[in-house]
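Engineer: What follows is a predicted structure for the sequence shown.
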Amino acid sequence: MDPVNVREFEALARERLDPVHYDYFAGAAQDEITVRANESAFVRLALVPRVLRGAAAPALDVTLLGADASMPIVLSPTAFHRLAHPDAERATARAAAAAGTIMIAAMLSTVAIEDIAAEAGKVAADPTLWFQLYVQPDLGFTEAIVRRAEAAGCRALVVTVDSPALGRHERNDRNAFHDLPAGMRCENLRELRGGEPGSVRQVVLSPEISWRHLDRLREITPLPIVLKGALHPLDARLAVERGIDALLVSNHGGRQLDTMPATIDQLPFVAEAVEGRVPLLLDGGVRRGTDVVKALALGARAVAVGRPVLWGLAADGEAGVTRVLEMLRAETAHTLTLCGCDGPSAVTRDLVREVRCCH
Ligand SMILES: Cc1cc2nc3c(=O)[nH]c(=O)nc-3n(C[C@H](O)[C@H](O)[C@H](O)COP(=O)(O)O)c2cc1C
Ligand SMILES: CCCCC(=O)C(=O)O
């Protein structure tokens, strides 16, 4: 049966994937409270549409850090696409580029960043890739990988800051899934010293990473820096003061600290703290066009999706990712029309209201 929405793609992916790998993708930290909250918080928000506005058919395009995206939906960085499909990040890159949107390529990809960029370049004249970085205490490696991302044409660095330690995933513990299967490598890590080249076990998620490392990144690269995973309003404010260019409001899909708030619930607090001085993106639980519009209403310039892309990839490779992105695009356009908006910039805060019970 052909999936008609993102949730049905998840069901299809589940049928196709090794159950251990499905658990890695779907799972989250400890009691998985935050990952569930990300989705259920959208249910608690109602859309209150405007009528009779005579709005034109919506145009979805947005500008993010100087790059044009054909819709306010980009791809969150997710590791290990080869677990989902043999074409791995190559397929994802082609689908994102063909959709005219931004792929945030994960440092822990199973295809090298140069090859991801080359693949995107095959289907679009000017594709936009951003590079997600886990700052490594090995500063030589960190600088070298930033240079690789620059040379590959990445237009921003997305620095993940919610991971001073690895989240505790009990599904992975139960399945004894702690490494990539033989033959799969983190292709960006071949130069990281400290173990078998390309092994994910070499990655250090260190509590010693601090604002000083961000300052250092700012010195060594002209690329805009997006901070991914700062949820506290005080950190959001510090980020703006430190010259960070954008924030991706994220709780890592519930995979780091369990019981963090749903991102859509936290977004208004972050928006209030930054006072429009930098653009905000949001990820976590976005599964419908209505979710996209709610995030725009509460202060996001765009959203990002993690698992939906993996479900599309696992279900049907590049075509599956394309279908997922096009479903979300169509649903977003439809929602905007029903709300009386002719585009993302017409979405205002008053279109969203919190409701007490779930629908
Ligand atoms: C399987 C998987 C792997 C991920 N890998 C990374 C990663 O390497 N770096 C990172 O910053 N975030 C990673 N994330 C978090 C995503 O970037 C994103 O924050 C999250 O998936 C968004 O929530 P959603 O899956 O509900 O859309 C990963 C998420 C998943 C599900
Ligand atoms: C060291 C593996 C981290 C990958 C990741 O960020 C995730 O699975 O959420």
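Structural biologist: Received the coordinates, thanks. Ligands and ions are numbered 1, 2, ... in the order given.
Engineer: make it CA atoms for all contacts and neighbour counts henceforth
Structural biologist: Fine.
Engineer: and A106, what is it in contact with?
Structural biologist: Residues near A106 by C-alpha atoms under 8 Å, 6 or more residues apart in numbering: 77-79, 131-133.
Engineer: Can you tell me how far I116 is from ligand 1?
Structural biologist: 15 Å (C-alpha to the nearest ligand atom, to the nearest Å).
Engineer: who touches the one helix or strand that residue maps to?
Structural biologist: I116 is part of helix 113-123, with elements assigned from DSSP states H and E. By C-alpha under 8 Å, 6+ apart, the residues outside helix 113-123 that reach it are 89-90, 93-94, 96-98, 105, 127, 129, 148-149, 152-154, 187-188.
Engineer: same thing but 6 Å
Structural biologist: 90, 93-94, 97-98, 152 (C-alpha atoms under 6 Å, 6 or more residues apart in numbering).
Engineer: Show me which positions of it end up buried.
Structural biologist: Residues 113-114, 116-121, 123 are the ones in helix 113-123 that count as buried (16 or more other C-alpha atoms under 10 Å).
Engineer: Mind exporting the C-alpha coordinates of that helix to CSV?
Structural biologist: Provided in CSV are the C-alpha atoms of helix 113-123 (Å, rounded to 0.1, in the frame of the first residue of the first chain):
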residue,chain,number,x,y,z
ILE,A,113,30.9,15.1,2.8
GLU,A,114,32.7,15.6,-0.5
ASP,A,115,30.6,12.8,-2.1
ILE,A,116,27.4,14.1,-0.6
ALA,A,117,28.1,17.5,-2.1
ALA,A,118,29.0,15.9,-5.5
GLU,A,119,25.7,14.0,-5.5
ALA,A,120,23.6,17.1,-4.6
GLY,A,121,25.4,18.9,-7.5
LYS,A,122,24.2,16.3,-10.0
VAL,A,123,20.6,17.2,-9.5
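Engineer: what's T63 sitting at in phi/psi?
Structural biologist: phi -110, psi 130 (degrees, to the nearest 10).
Engineer: Just checking, which helix or strand succeeds the helix holding I116 along the chain?
Structural biologist: Following helix 113-123 toward the C-terminus (DSSP H and E): strand 129-133.
Engineer: Check which helices and strands that next one sits against.
Structural biologist: strand 103-105, strand 157-160 (3 or more C-alpha pairs under 6 Å, 6 or more residues apart in numbering; DSSP states H and E).
Engineer: rerun at 10 Å
Structural biologist: Packing partners of strand 129-133 (3 or more C-alpha pairs under 10 Å, 6 or more residues apart in numbering; DSSP states H and E): helix 88-99, strand 103-105, helix 113-123, helix 139-151, strand 157-160, strand 225-228.
Engineer: Point out the most buried one among the ones you listed.
Structural biologist: strand 103-105 (a mean of 27; mean count of other C-alpha atoms under 10 Å).
Engineer: now that strand, how far from the centre of its chain.
Structural biologist: 8 Å (C-alpha atoms, centre = their mean, to the nearest Å).
Engineer: wait, does that strand make contact with ligand 1?
Structural biologist: No. Using C-alpha under 6 Å from any ligand atom, strand 103-105 stays clear of ligand 1, coming no nearer than 8.4 Å.
Engineer: Run through the neighbouring helices and strands of that strand.
Structural biologist: strand 73-75, helix 88-99, helix 113-123, strand 129-133, strand 157-160.
Engineer: rerun at 8 Å
Structural biologist: Other elements packing on strand 103-105 under the criterion 3 or more C-alpha pairs under 8 Å, 6 or more residues apart in numbering; DSSP states H and E are strand 73-75, helix 88-99, strand 129-133.
Engineer: So what does the residue positioned nearest the centre of the chain look like in phi/psi?
Structural biologist: In the chain, the C-alpha nearest the mean C-alpha coordinate belongs to S76, at 1.7 Å (C-alpha atoms, centre = their mean). Main-chain dihedrals, S76, degrees, to the nearest 10: phi -60, psi 150.
Engineer: Check whether it really touches V305, as I assumed.
Structural biologist: Yes. Counting by C-alpha atoms under 8 Å, S76 does reach V305; the two are 5.2 Å apart.
Engineer: any shared contact partners between the two?
Structural biologist: D283.
Engineer: picking up where we left off before, now for the helices and strands packed on strand 103-105, which one comes closest to ligand 1?
Structural biologist: Of all these, it is strand 129-133 that lies closest to ligand 1, at 6.2 Å by C-alpha to the nearest ligand atom.
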